[in-house]
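# need coordinates for the below:
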Amino acid sequence: MAYLLTYPQANVPVALQQQLAPFQPVYYPLRQLTPRPLTAAEQRLIRTSECLVLTSPFGIQCYLQQLQSLNPTAALAVLSPKMAHRLRQAEVSVPIKVAPAAQQRQLYQYLRQQIPTQRVCWLQGDHHPTQPLPPAWHQVTIYTNQWPEKAQQQAQATFKSLQFQKVLVTSPLNLRRLLALKQALPNTFQTSTYYTLGPSTAVLGRQAGLTMVQPPVQQNVLAQMIQLMVAGCTSR
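Modelled structure (predicted):
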């Protein structure tokens with residue numbers, strides 16, 4: 001039996017990949033991420049912001065490759081020290097605020113306390129949850145997260161001869177796409193245990209009747225869950 005990780009292999013530290021190697025890991029993000037062109041009004045929001053919020057590795061990629069030049073002096077806010085480290089590795093020198101825990105809700109509450117009146121712009125994907133914003137805050141969709149039928153069929157062809165003992169699923173959206181695969185390939189997921197990076201995915205999985213394992217604490221969640229997968233431990 002193999003392990004499935006719906007997460008890019010390139011984003012998994014080498015040490016964790018080495019721990020997973022004996023378990024036939026399959027890295028298969030259930031998504032196609034594409035930067036989207038911004039309108040003049042959206043670019044203006046970014047240019048005039050005092051803080052830009054990045055909530056995903058792909059958001060950081062879009063910032064470094066396309067958006068940083070729009071406002072190279074704005075402070076940044078991110079979900080985790082790992083994301084901040086990636087920005088520092090790219091020689092980003094502006095101040096970076098890090099959420100107390102790796103959850104968007106925690107980052108939102110932290111920024112509400114720290115900079116409630118500053119001009120803040122959330123740079124996000126098209127499936128980012130909506131939330132009430134202070135008057136000076138805005139949201140700009142900088143990329144799309146799609147899963148077309150052709151991608152679904154390709155995944156089914158890849159998985160049909162496999163059986164997954166453990167599955168790492170990284171978001172509620174990811175889980176909904178995985179449930180469609182599970183319905184099409186019941187034998188592949190017949191004995192699977194599902195590992196999540198946060199409580200919202202765990203709740204959705206349990207509602208669907210799945211055996212879910214979630215992080216004991218919301219710090220270094222990827223490393224936690226991979227180590228739990230390898231060790232066979234559970235924290236239900």
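
# where does this structure dip in pLDDT?
The model of the chain has pLDDT under 70 over residues 232-236.

# in it, which residue is closest to the centre?
In the chain, the centroid-proximal residue (C-alpha atoms, centre = their mean) is residue 56; its distance is 5.3 Å.

# how many neighbours does residue 180 have?
Neighbour count of residue 180, defined by other C-beta atoms under 10 Å: 14. C-beta: built from backbone N, CA, C; applies to glycine.

# kindly report the same for residue 63.
Counted with other C-beta under 10 Å, residues neighbouring residue 63 total 23.

# next one: the one 4 residues further on
Here the number of neighbours of residue 67 (other C-beta under 10 Å) works out to 24.

# helix/strand/coil for residue 66?
Secondary structure, DSSP: H, G, I helix; E, B strand; the rest coil: residue 66 is helix.

# residues in contact with the residue nearest to it when sequence neighbours are not counted?
Leaving aside its sequence neighbours, residue 66 sits nearest to residue 35 (C-beta to C-beta, 6 or more residues apart in numbering; 6.3 Å). Shown in contact with residue 35 (C-beta atoms under 8 Å, 6 or more residues apart in numbering): 62, 65, 66, 142, 143.

# scan the residues you listed and report the most crowded one.
When neighbours are counted by other C-beta under 10 Å, residue 142 leads these with 26 neighbours.

# phi first, then psi, for that one.
When read as degrees, to the nearest 10, the backbone of residue 142 gives phi -110, psi -10.

# residue 231 versus residue 224, what's the distance?
Distance, residue 224 to residue 231, using C-beta to C-beta, to the nearest Å: 11 Å.

# higher neighbour count, those two?
Comparing residue 224 with residue 231 by neighbour count (other C-beta under 10 Å), the higher total belongs to residue 224, at 18 against 9.

# can you list the domain ranges for this protein.
Segmentation of the chain into domains, based on the TED database, reads 2-31+149-232, 33-146.

# that older thread, export the contacts of residue 35 to CSV and tack on distance to residue 44?
Below are those laid out as CSV (distance: C-beta to C-beta, whole Å):
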residue, distance to residue 44
62, 17
65, 20
66, 16
142, 14
143, 19
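
# return the distance of stretch 144-161 from the chain's centre.
19 Å (C-alpha atoms, centre = their mean, to the nearest Å).

# can you name the residues in contact with that stretch?
By C-beta under 8 Å, 6+ apart, stretch 144-161 touches 4, 26, 28, 30-34, 36, 125-127, 173, 177, 180-181, 184-185, 188.

# same question for stretch 218-234.
Under C-beta under 8 Å, 6+ apart, the answer for stretch 218-234 is 3, 7, 12-13, 16, 19-20, 23, 80, 82, 101-103, 106, 166, 168, 193, 195-198, 213, 215-217, 235.

# next, the buried residues of that stretch.
Going by neighbour count (16 or more other C-beta atoms under 10 Å), the buried part of stretch 218-234 is 218, 221, 222, 223, 224, 225, 226, 228, 229, 230.
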